[in-house]
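Peer 1: Dropping a prediction and its sequence here:
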Amino acid sequence: MAKASDTETQALEIAVLTVSDTRTAENDTSGDYLADSLLAAGHRVADRRIVKDDIYQIRAVLSAWIADSEVDSVLVTGGTGFSGRDSTPEAVAPLFDKAIEGFGEVFRALSLQEIGSSTVQSRALGGFANSTVIFCMPGSTGACRTAWEGIIRDQLDSTYRPCNFVGVIKVRSEGQ
């Protein structure tokens with residue numbers, strides 16, 4: 001990616017992963033929302049997949065994207081609850097070099113206004129792996145909207161102040 005000024009938005013390559021035992025390309029409304037939103041913000045969809053809620057399938061896809069220097073960020077939807085098969089946090093957290101503790105905290109604070117105390121059942125999380133920023137959110141389209149509009153859109157916007165994650169992502173892509 002070319003270096004842009006602080007006032008010029010930098011397009012990122014963002015992959016979208018839907019974790020679900022039931023979603024397909026035809027009914028993946030959360031994945032559709034995230035892909036459409038990142039395109040509307042001027043980014044590009046680097047890749048998009050749907051995997052079963054299985055720790056090793058999630059890790060396999062995510063690890064490939066983390067190792068790919070062309071993928072700047074990954075948005076993961078689904079598998080963050082407490083049902084028997086929900087395993088996104090267990091699959092993803094061990095891959096992080098650094099956790100973004102505030103992502104889950106702020107997501108749940110925003111979500112509290114929308115769904116009340118049910119927000120405690122969300123295990124939304126974020127972190128960095130190989131300078132790739134990863135955000136994991138619940139599988140509902142509403143939760144994806146809350147995360148995108150309330151946190152992710154700004155943090156992936158190179159012009160957002162006082163700070164954003166684009167500078168951390170750029171360290172890897174510029175070879176620094």
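Peer 2: Good, I have the coordinates.

Peer 1: what residues does whichever helix in the chain runs longest touch?
Peer 2: For the chain, the longest helix by residue count, based on DSSP state H, is helix 101-115. Outside helix 101-115, the residues that touch it by Cβ atoms under 8 Å, 6 or more residues apart in numbering are 119-120, 122-126, 135, 137, 142-143, 146-147, 150-151. Where you see a C-beta, it was placed from the backbone N, CA and C, and this is true even at glycine.

Peer 1: Now for those, which sits with the most neighbours around it?
Peer 2: Met137 (31 neighbours; other Cβ atoms under 10 Å).

Peer 1: Give me the local confidence score for the closest residue to Asp86 other than its chain neighbours.
Peer 2: The spatially closest residue to Asp86, leaving aside those adjacent along the chain, is Gly79, at 4.9 Å (Cβ to Cβ, 6 or more residues apart in numbering). Confidence at Gly79, expressed as pLDDT, is 93.

Peer 1: so Gly79 touches Ser87, yeah?
Peer 2: Yes - assessed by Cβ atoms under 8 Å, Gly79 is found in contact with Ser87 at 5.8 Å.

Peer 1: which residues of the protein fall in strands?
Peer 2: Using DSSP state E, the strands of the chain run over 13-19, 44-51, 73-77, 98-99, 125-129, 132-137.

Peer 1: Save these as CSV, and put in distance to Tyr33 too.
Peer 2: Shown next, in CSV, are the strands of the chain (distance: least, Cβ to Cβ, whole Å):
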stretch, distance to Tyr33
strand 13-19, 10
strand 44-51, 12
strand 73-77, 8
strand 98-99, 25
strand 125-129, 18
strand 132-137, 11
